[in-house]
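**Student:** Sequence and predicted structure are below.
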There are 2 protein chains.
Amino acid sequence: MPEVNRRQAFVLDGAMVLDNRRGTAPGLRIEHRGTTCFLLPGVPHELDYLATTFLDPWLEERGGDIQLETTVLKVACRGESAVEEKIASVYDEFGAEAVTVLASPGEVRIELRARGGAAERAALLQKMSDRVAGFLGPSVFTRHGDQDLEGVCGELLVELGATVATAESCTGGWIAQRLTATPGSSAYFLGSVVAYSDQTKVALLGVPAELILQHGAVSREVALALAQGARERIGSDYGVGVTGIAGPGGGSEEKPVGTVHLAVSGPRGPEDLIHQRAVFPGDREKVRRMTSQLGLELLRRRLLDPNYRPGGW
Amino acid sequence: MPEVNRRQAFVLDGAMVLDNRRGTAPGLRIEHRGTTCFLLPGVPHELDYLATTFLDPWLEERGGDIQLETTVLKVACRGESAVEEKIASVYDEFGAEAVTVLASPGEVRIELRARGGAAERAALLQKMSDRVAGFLGPSVFTRHGDQDLEGVCGELLVELGATVATAESCTGGWIAQRLTATPGSSAYFLGSVVAYSDQTKVALLGVPAELILQHGAVSREVALALAQGARERIGSDYGVGVTGIAGPGGGSEEKPVGTVHLAVSGPRGPEDLIHQRAVFPGDREKVRRMTSQLGLELLRRRLLDPNYRPGGW
């Protein structure tokens, strides 16, 4: 055991040790002249664990019934400005300080806040949340902020008793990585082929070589063939296919960097396919992130509605 | 165009517009009564772009020749405490304020700082960096802090004129996702099979079903078969195979949650294989992150040294 770990076991006189289940550095809680002091480690996920486990309950106890409560709705693959415009009347109705819209690449969070007693807060949050959900419709993928898009897709697949597989080019496995981030995902996720080279697309997914030759690897036709290949080769009910130009190289006038084609295949056979094209701005990381997000969002919409067609809200 | 975008075009009287190439909200620079004020947007990657492009050069101009300069070395898959112990004498030699060790899951950064004129700084940083690299040996994967592990693997593959493919179970495609994050990775990354179900391992990677039956999907034998299957089925020079129990379910007394087996296959044929077992602490996300990190680190060490055997430093 290195010397630094030994030092982590030191306890200040009179301090209470806060058991750290995420690492070796425990926290300490000290009462001194009427002041309570929490000493927490700096590693983010350890800090998070100790703060949630020991500090939050301590604060809540002291907050009494009058508290600030937050509900978060999330929307994927929509612009921050477009979301703000759709829900503009909510600001007027409930006050600008009750609503915050926060954007990250491919995702918009709508945070709703209510203050007051427990019953009052719950009723107000319900009303606000219903209003926002009404304006945004099925674009809202969750009304519980701690849920992510991949987790919602997983829940829908469990409900349907269905399985999914992915065939990814430009995202390099990111959609598979996200789908498997959810505990228990082996119940519905069977596998993925990351077909980065054309040869892999042909050999492992059965994409016809002529199709790539004729339309290019980044095309509607190849995206559809990838989605079908994933489903057929891996034996799942649904398939997600993704191909695109993540950049910085590889773009052309006709197909600039950021051009992506996505498709989802469904269990009703070779005609059960949806397709969407997008051109994403930004660097390689952002294009890939937005593409993985749109792949999951397409899957979610298709799982929600067998007749879903990409395009509107 | 939504109204909020229109507002982003407002310019304060006398302000200079800072062109934002990452989004729609530009920055502003204002000179007022001898004070310079920078107004920057809050979206992190936009802020980062504008700060790097406009604020940093402005600050540097005013710093003169006396500046603080930093060099960062990075080590993968080693404990923070173990790294600190190995380089302990560097603190004594150059002063504790010149060295900072920072850990994140699967990675340790050693930041070295020097103050003074340009020549003096460069000489001191070189000396410090050499000393640290001497203590840590080939565990240091970069002496340029902005390089990541996947990028270093990519550089080695380019140097060798070699290609790689991955076969991933518990990481769900994360290693592939990381290898393809580097621009130009299509030169050396051919593809991946994310074999989450046993059937996918057998059908797409040729892992013998008896092997899984006999040793379990999380075993040395299956990791080796995955690494070989990736190489053979996708047709690459090197293959990375990963299988493990990411949790929270699926653990047993013999194979607790966090148990992972990794293997790398090389171009010298079916005997050209290395294997490593690890048991990672932490939640699902952390186990998966550490596993993807160790997969890349094993690949890097194997690319550096054809006779590499996992275990030591």
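**Tutor:** Now that the structure is in, tell me what you want to look at.
**Student:** host element of A:T36?
**Tutor:** Assigned by DSSP states H and E, A:T36 belongs to strand A:35-39.
**Student:** tell me the mean pLDDT for that strand?
**Tutor:** Across strand A:35-39, pLDDT averages out at 96.
**Student:** How about residues contacting it?
**Tutor:** By Cβ atoms under 8 Å, 6 or more residues apart in numbering or on different chains, the residues outside strand A:35-39 that reach it are A:L12, A:A15, A:L18, A:G27, A:L28, A:R29, A:I30, A:E31, A:F54, A:L55, A:W58. Every residue, glycine included, has its C-beta placed from N, CA and C.
**Student:** Quick check: PyMOL command selecting the buried ones in these.
**Tutor:** Selection of the buried residues among the contacts of strand A:35-39 in PyMOL, burial being defined by 16 or more other Cβ atoms under 10 Å in any protein chain shown:
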select buried, chain A and resi 15+18+27+28+29+54+55
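**Student:** on that earlier part again, buried set for the strand holding A:T36?
**Tutor:** Neighbour-count burial for strand A:35-39, counted by 16+ other Cβ under 10 Å, picks out A:F38.
**Student:** gap between the helix or strand following it and the chain center?
**Tutor:** Moving toward the C-terminus from strand A:35-39, the next helix or strand (DSSP H and E) is helix A:44-50. Relative to its chain's centre, helix A:44-50 lies at 21 Å (Cα atoms, centre = their mean, to the nearest Å).
**Student:** Using CSV, write down the CA coordinates of helix A:44-50.
**Tutor:** This file holds the C-alpha atoms of helix A:44-50, laid out as CSV (Å, rounded to 0.1, in the frame of the first residue of the first chain):
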residue,chain,number,x,y,z
PRO,A,44,-15.7,13.9,-9.2
HIS,A,45,-17.6,10.5,-9.0
GLU,A,46,-16.4,10.0,-5.4
LEU,A,47,-17.4,13.6,-4.5
ASP,A,48,-20.8,13.0,-6.1
TYR,A,49,-21.4,9.8,-4.2
LEU,A,50,-20.5,11.2,-0.8
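**Student:** Please identify the buried residues of that helix?
**Tutor:** Buried residues in helix A:44-50, counting neighbours by 16+ other Cβ under 10 Å, are found at A:H45, A:E46, A:L47, A:Y49, A:L50.
**Student:** about what we covered before: looking at the contacts of strand A:35-39, spot the one nearest A:S81.
**Tutor:** Set against A:S81, the nearest of the contacts of strand A:35-39 by Cβ to Cβ is A:L55 (36.4 Å).
**Student:** Spell out the secondary structure type for A:A122.
**Tutor:** Recorded secondary structure, A:A122: helix (DSSP: H, G, I helix; E, B strand; the rest coil).
**Student:** Flag every residue of the stretch 1-150 of chain A that's near chain B.
**Tutor:** By the rule Cβ under 8 Å from any Cβ of the partner chain, the part of the stretch 1-150 of chain A lying against chain B is A:2-5, A:22, A:43, A:45, A:79-82, A:84-85, A:103-105.
**Student:** What pairs with the strand holding A:T36, parallel or antiparallel?
**Tutor:** Applying DSSP bridges to the sheet, strand A:35-39 is found paired with strand A:27-32 (antiparallel).
**Student:** Distance from the strand it pairs with to the middle of the chain?
**Tutor:** Per Cα atoms, centre = their mean, the centroid offset for strand A:27-32 relative to its chain is 37 Å.
**Student:** And the contacts of it?
**Tutor:** Taking Cβ under 8 Å, 6+ apart as the rule, strand A:27-32 contacts A:11-12, A:14-18, A:20, A:36-41, A:50, A:54.
**Student:** Mind doing that once more with 10 Å?
**Tutor:** A:10-20, A:36-41, A:46-47, A:49-51, A:53-55, A:58 (Cβ atoms under 10 Å, 6 or more residues apart in numbering or on different chains).
**Student:** what about the helices in the stretch 151-300 of chain A?
**Tutor:** Secondary structure of the stretch 151-300 of chain A by DSSP state H, counting those that start in this stretch: the helices cover A:174-179, A:198-205, A:209-215, A:220-234, A:284-304.
**Student:** how many other residues sit next to A:E93?
**Tutor:** Neighbour count for A:E93, taken as other Cβ atoms under 10 Å in any protein chain shown: 13.
**Student:** so who does it touch?
**Tutor:** A:E93 neighbours (Cβ under 10 Å, 6+ apart): A:I87, A:V99, A:K127, A:M128, A:R131.
**Student:** A:E159 too?
**Tutor:** Counting by Cβ under 10 Å, 6+ apart, A:E159 makes contact with A:Y188, A:L303.
**Student:** What distance do you get for it to A:L303?
**Tutor:** Distance, A:E159 to A:L303, by Cβ to Cβ, to the nearest Å: 8 Å.
**Student:** do the same with A:R220
**Tutor:** Separation of A:R220 from A:L303 (Cβ to Cβ): 21 Å.
**Student:** So which of the two has more stuff around it?
**Tutor:** The neighbour comparison of A:R220 against A:L303 (other Cβ under 10 Å) goes to A:L303, with 22 against 15.
**Student:** right, and the more buried one touches A:L149 too?
**Tutor:** No: using Cβ atoms under 10 Å, A:L303 is not in contact with A:L149; the gap is 11.8 Å.
**Student:** joint contacts of those two?
**Tutor:** Common neighbours of A:L303 and A:L149 (Cβ under 10 Å, 6+ apart) do not exist.
**Student:** Single out the most deeply packed of the helices of the stretch 151-300 of chain A.
**Tutor:** Of all the helices of the stretch 151-300 of chain A, helix A:174-179 carries the top mean neighbour count, a mean of 30, counting by mean count of other Cβ atoms under 10 Å in any protein chain shown.
**Student:** Is chain B within reach of that helix?
**Tutor:** Yes: counting by Cβ under 10 Å from any Cβ of the partner chain, chain B has neighbours in helix A:174-179: A:W174, A:I175, A:A176, A:Q177, A:R178, A:L179.
**Student:** got the contact list for stretch A:4-12?
**Tutor:** A:1, A:17, A:20, A:23-26, A:28-30, A:32, A:37, A:39, A:41, B:79-82, B:84-85, B:88, B:101.
**Student:** Now with 8 Å, please.
**Tutor:** Contact partners of stretch A:4-12, identified using Cβ under 8 Å, 6+ apart, comprise A:V17, A:T24, A:A25, A:P26, A:L28, A:I30, A:L39, B:E80, B:S81, B:E84, B:E85.
**Student:** Can you dump the C-alpha atoms of stretch A:194-202 in CSV for me?
**Tutor:** What follows is stretch A:194-202, C-alpha atoms only, in CSV (Å, rounded to 0.1, in the frame of the first residue of the first chain):
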residue,chain,number,x,y,z
VAL,A,194,-19.0,-1.4,-36.8
ALA,A,195,-18.4,-1.5,-40.6
TYR,A,196,-15.8,1.2,-41.1
SER,A,197,-14.3,-0.3,-44.2
ASP,A,198,-16.5,-1.0,-47.3
GLN,A,199,-15.3,-4.6,-47.2
THR,A,200,-16.6,-5.1,-43.7
LYS,A,201,-20.0,-3.6,-44.9
VAL,A,202,-20.1,-6.2,-47.6
